[in-house]
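Undergrad: from the sequence below, what's the structure:
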Amino acid sequence: MTTRTVRNGLIGAAVSAALTVAALAAPAQAETARGHGHAATQRAMDAQVAAGAPGSLGQARDEHGTWNGAAGVADLRTERPRKAADRFRIGSITKAFVSTVLLQLEAEGELDLDDTVEHWLPGVVQGNGNDGSKITVRQLLNHTSGIFNYTTDPAMVHELTDGFLKHRYDTST
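TA: Have a look, this model is predicted:
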């Protein structure tokens, strides 16, 4: 498989995932609330494949457990189907996922962008000069919270550039 094929496959998967989350998060949430599982999410993933995306993966975690779904193919050359157990690295595009969900929640009146981090994540942001009671959701979204930007750390820059192949499967929490 060439670098171009891998890159195109990753771009297709990322776009498909972003569209699925953005377009159908609310209907899937409503269906789950009625006790019908994640059928709407699966239909959305199937629709993305029908519209031309090579494949799609989805995962939802809530008080009922973890649901995994898949649609389409994982490999365009071999046409291996996507499996619900497949994993993917999402990297920097997580900002689009998180901001989409937060803006939807704000539109639904579930949170306010001026809520503090401490309100939603008590005790998570503290130390190193950070105070979650003074940082808002809005500041997190527009990157003005003052929390350290790990991508400016020389060791991280090395891992993302020169050390990428050695560290590409590392997990950071």
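Undergrad: show me the helices in the chain, by range?
TA: Secondary structure of the chain (DSSP state H): helices at 3-33, 39-50, 94-107, 117-120, 137-141, 154-160, 164-167.
Undergrad: and the fifth one, what does it pack against?
TA: For helix 137-141, the packing partners by 3 or more C-beta pairs under 8 Å, 6 or more residues apart in numbering; DSSP states H and E come out as helix 94-107, helix 117-120. C-beta here means a position set from N, CA and C on the backbone, and glycine is covered the same way.
Undergrad: got CSV for those, with mean neighbour count, mean pLDDT and distance to A71 too?
TA: CSV is the format used below for the helices and strands packed on helix 137-141 (neighbours: other C-beta atoms under 10 Å; pLDDT from 0 to 100; distance: least, C-beta to C-beta, whole Å):
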stretch, mean neighbour count, mean pLDDT, distance to A71
helix 94-107, 14, 91, 18
helix 117-120, 16, 96, 32
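Undergrad: distance to T136 added to the ones you listed, as CSV?
TA: Compiled in CSV, these are given as follows (distance: least, C-beta to C-beta, whole Å):
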stretch, distance to T136
helix 94-107, 11
helix 117-120, 7
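Undergrad: quick one: which of those is nearest S172?
TA: helix 94-107 (12.1 Å; C-beta to C-beta).
Undergrad: buried ones in stretch 151-160?
TA: Residues E159 are the ones in stretch 151-160 that count as buried (16 or more other C-beta atoms under 10 Å).
Undergrad: in this protein, where is pLDDT below threshold?
TA: Residues of the chain that meet the criterion pLDDT under 70 lie in 1-36.
Undergrad: residues in contact with the residue of it positioned farthest from its centre?
TA: Farthest-out residue of the chain from its mean C-alpha position, per C-alpha atoms, centre = their mean: G129, at 27.7 Å. Taking C-beta atoms under 8 Å, 6 or more residues apart in numbering, we find G129 in contact with G146.
Undergrad: need phi/psi at it.
TA: phi 80, psi 0 (degrees, to the nearest 10).
Undergrad: where's it relative to I135, distance?
TA: G129 is 11 Å from I135, where distance means C-beta to C-beta, to the nearest Å.
Undergrad: overlap in contacts of those two?
TA: Counting by C-beta under 8 Å, 6+ apart, the shared contacts of G129 and I135 are G146.
Undergrad: can you tell me the closest non-neighbouring residue to V124?
TA: G132 (6.3 Å; C-beta to C-beta, 6 or more residues apart in numbering).
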